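Q: what follows is a protein structure lacking sequence information:
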């Protein structure tokens, strides 16, 4: 994450926000702190207005810095080196680059030039599982070879400050962060036994009638891109969560109550509550989702990896346990993956 962390109150003070409605949005969203790359202060000690060009440069510089650190930490964690990486997938929705983060990171890190790569751009908060599906497929086709996925989201590069409730909902929610995960299929003849959870299957559930509910598009009034969240998003997602999980478990002989661990995208307090109620989950089931939202806000595509890291570090998963990964975002889409320890 960026080095600077702010409480919601500090952000309200920094931007001089006095509107009680907007202050309520910031202070009642179950978020305590977020790591952000704020604009520099002007002569009036208030953050300056950034152009779309400024925001894209922020996206590139901060994203490259966070992405590099995430990949390095991931490889160290699994006892691998840069020379081991054969496939690199980069996910982002907070800016457009050509060439993308995959090429920039390969150059910056000194990864082998033969490394295959993929950039998943613009899919939004659900994209981490879309990309992990592709990475898992590559790994299955290249047993024993290491694939790395990194989600890089500089949400500070996707803000509009105009005092409206629409913008304020977005501005109160998202934080900056990057997370990487390593994926490897056991070699055909190695006889190795995986000590980490296996990715068993993926499913998608698309809600076309809500295609406009979450958007990041051009705003003529501000001369930059801006993000829009429909107030009905939590209820749309919640109403479809059970169907998405049923589709994931179909044919496996498993039921929702057989799932021991839930790793759900930290989409916001109302989203988490809606998913929890519709799936019959306890607050303990989504404790890591709630904790990531509290400590970092919505980290877009990488949020579920931050929650997964907390589950892993907790060492609560036992052999034979089943887990569900769930992300949701524009489309509108709910992505799921089944994992087994």
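A: Perfect, thanks for sending it. What you see is a predicted model, and the numbers here were worked out from it, not measured in a lab.

Q: what segments of the stretch 1-150 of the chain are helices?
A: Under the criterion DSSP state H, counting those that start in this stretch, the stretch 1-150 of the chain contains helices at 8-14, 20-27, 52-78, 101-109, 127-141.

Q: let's have those helices in JSON lines, adding mean neighbour count and distance to residue 198.
A: No exception for glycine: its C-beta is placed from N, CA and C like everyone else's. Rendered in JSON lines, the data for the helices of the stretch 1-150 of the chain read as follows (neighbours: other CB atoms under 10 Å; distance: least, CB to CB, whole Å):
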{"stretch": "helix 8-14", "mean neighbour count": "15", "distance to residue 198": "39"}
{"stretch": "helix 20-27", "mean neighbour count": "15", "distance to residue 198": "41"}
{"stretch": "helix 52-78", "mean neighbour count": "18", "distance to residue 198": "15"}
{"stretch": "helix 101-109", "mean neighbour count": "19", "distance to residue 198": "25"}
{"stretch": "helix 127-141", "mean neighbour count": "21", "distance to residue 198": "10"}
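
Q: indicate which one of those is closest to residue 93.
A: helix 127-141 (6.3 Å; CB to CB).

Q: pull the residues that contact the closest one.
A: Residues from elsewhere that reach helix 127-141, judged by CB atoms under 8 Å, 6 or more residues apart in numbering: 87, 89, 91, 93, 116, 118, 120, 123, 145, 147-149, 151, 181, 183-185, 199, 202, 204, 265, 300-305, 325-327, 329, 335-337.

Q: near residue 96, how many other residues are there?
A: 12 (other CB atoms under 10 Å).

Q: touching, it and residue 55? I think so.
A: No: contact criterion CB atoms under 8 Å: residue 96 and residue 55 do not qualify, at 10.7 Å.

Q: residue 66 and residue 57: what is the separation?
A: Taking CB to CB, to the nearest Å as the measure, residue 66 falls 15 Å from residue 57.

Q: which helix or strand contains residue 323?
A: Element membership for residue 323 (DSSP states H and E) is strand 322-329.

Q: tell me the angle that strand makes with helix 127-141.
A: Per axes from the mean of the first three to the mean of the last three CA atoms, to 10 degrees, the angle that strand 322-329 makes with helix 127-141 is 130 degrees.

Q: give me the number of residues near residue 275?
A: Neighbour tally, residue 275, other CB under 10 Å: 28.

Q: helix or strand right after the helix or strand that contains it?
A: Using DSSP H and E, the element containing residue 275 is helix 269-279. Downstream of helix 269-279, the first helix or strand assigned by DSSP H and E is helix 287-296.

Q: contacts for that next one next, please.
A: Everything outside helix 287-296 that qualifies as a contact, by CB under 8 Å, 6+ apart, is 1, 30-35, 175, 177, 262-266, 268-269, 272, 283, 299, 303, 306-308, 310-311, 314.

Q: go with 6 Å
A: 30, 32-33, 175, 264, 266, 272, 306-307, 310-311 (CB atoms under 6 Å, 6 or more residues apart in numbering).

Q: ChimeraX command to pick out the buried ones of these?
A: Buried residues within the contacts of helix 287-296, by 16 or more other CB atoms under 10 Å, are selected in ChimeraX with:
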select :33,175,264,266,272,306,307,310,311
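
Q: what about the contacts of helix 287-296, which are in strands?
A: Using DSSP state E, 33, 264 are the members of the contacts of helix 287-296 that sit in strands.

Q: just the closest of the contacts of helix 287-296 to residue 21, please.
A: Using CB to CB, the contacts of helix 287-296 come closest to residue 21 at residue 30, 17.7 Å.

Q: on the pLDDT front, check the closest one for me.
A: pLDDT, residue 30: 97.

Q: can you report phi and psi for it?
A: phi 60, psi 20 (degrees, to the nearest 10).

Q: can you list the domains in the protein?
A: Listed by automatic domain parsing, the domain ranges of the chain are 5-183, 198-340.

Q: sorry, back to before: what sits in contact with each of residue 96 and residue 55?
A: In contact with both residue 96 and residue 55: no residue, using CB under 6 Å, 6+ apart.

Q: what about residue 119, how many residues close to it?
A: Counted by other CB under 10 Å, the residues lying close to residue 119 total 19.

Q: that one reaches residue 102, doesn't it?
A: Yes: using CB atoms under 6 Å, residue 119 is in contact with residue 102, at 5.1 Å.

Q: which residues do the two both contact?
A: Overlap of the contact sets of residue 119 and residue 102 (by CB under 6 Å, 6+ apart) consists of residue 90.

Q: burial of residue 39, as a residue count?
A: Other residues near residue 39 number 18, with proximity taken as other CB under 10 Å.

Q: quick check: closest non-adjacent residue to it.
A: Distances taken as CB to CB, 6 or more residues apart in numbering place residue 47 nearest to residue 39, at 4.3 Å, with adjacent residues excluded.

Q: kindly report the same for residue 282.
A: Distances taken as CB to CB, 6+ apart place residue 276 nearest to residue 282, at 7.6 Å, with adjacent residues excluded.

Q: distance of that neighbour from residue 114?
A: In terms of CB to CB, residue 276 sits 45 Å off from residue 114.

Q: between these two, who's got more neighbours?
A: residue 276 (20 against 6).
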